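A.B. asks: Take a look and give me a structure for this.
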Amino acid sequence: MNSKVNEAENLPVMSRRGLMLVLSSPSGAGKTTISRSLLERDENLSLSISATTRSPRPGEENGKDYLFVSEAKFRQMVDGEAFLEHAHVFDHSYGTPKGAVEAALSEGRDVLFDVDWQGAQQLAHNAGDDLVSVFILPPSHDELERRLHKRAQDPDDVVRRRMDKAASEMSHWEAYDYIIVNSDVDESVASVQAILAAERLRRKRRLDLPAFVARLCDRN
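C.D. replies: Coordinates of the predicted model:
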């Protein structure tokens, strides 16, 4: 693959392999808000579309929100190792198809994954160097509880269960490459953007570098 040239600056525009950006957090820490902001600001980043066996909800479109498949089709995909990760949640199955993700990475496009710790572990096992993982923490226990009360307006017992689950999820923070404490959404989005910028420059992802450096070193 040949490097292109940015004619305005006479600099090479090198091709690179895309990356898989995983964002995980306990409920209420701000992961969804950060994800939406990233997708709005970065045209080279797209959200991974999962396959699911549940029925579409009002307004959801097949192929845009989810790939809606039958139980039999999902089992066939599992048996055929067609998923990067999959799980059974609340009586329904969910999975990330390999094909679309690999096509995006090969074209130099980055894919965002909104998954829990278990999904992140499966992706890490199957994706290797393509994966960049970020865990979002709340600034404090009290602030997380306040956000859960404000966001969902759930009864106290429901919030307590979510807080217990959050403690379990946060115990896996060391499994991630980067940790962001979400005190301010704009600052957290900027931090993830900085991570993306640095990871996109990693030597292993810049496919044209060997040939480019060889040309630089060639005295003929």
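
A.B. asks: Give the full set of residues in contact with residue 98.
C.D. replies: 81-84, 126 (Cβ atoms under 8 Å, 6 or more residues apart in numbering). All C-beta atoms are positioned from the backbone trio N, CA, C, and that covers glycine.

A.B. asks: Let's see that with 10 Å instead.
C.D. replies: Neighbour list for residue 98: 77, 80-85, 126-127 [criterion: Cβ atoms under 10 Å, 6 or more residues apart in numbering].

A.B. asks: now, which of those lie within helices?
C.D. replies: Among these, DSSP state H puts 77, 126-127 in helices.

A.B. asks: re the thing from before, which among the contacts of residue 98 count as buried?
C.D. replies: 77, 82-85, 126-127 (16 or more other Cβ atoms under 10 Å).

A.B. asks: Please, where are all the strands along this protein?
C.D. replies: Taking DSSP state E to define them, one finds strands in the chain at 4-6, 11-13, 20-24, 45-47, 51-52, 67-68, 83-89, 92-97, 110-114, 131-137, 178-181.

A.B. asks: Would you mind finding the most buried of these?
C.D. replies: strand 20-24 (a mean of 24; mean count of other Cβ atoms under 10 Å).

A.B. asks: Please tell me how far the closest residue to residue 67 other than its chain neighbours sits from residue 133.
C.D. replies: Nearest non-adjacent residue to residue 67, counting by Cβ to Cβ, 6 or more residues apart in numbering: residue 51, 4.2 Å away. Distance, residue 51 to residue 133, using Cβ to Cβ, to the nearest Å: 22 Å.

A.B. asks: tell me how far the ends of stretch 76-88 are from each other?
C.D. replies: In stretch 76-88, first residue to last residue: 15 Å (Cα to Cα, to the nearest Å).

A.B. asks: For it, give the mean pLDDT please.
C.D. replies: Average pLDDT, stretch 76-88: 95.
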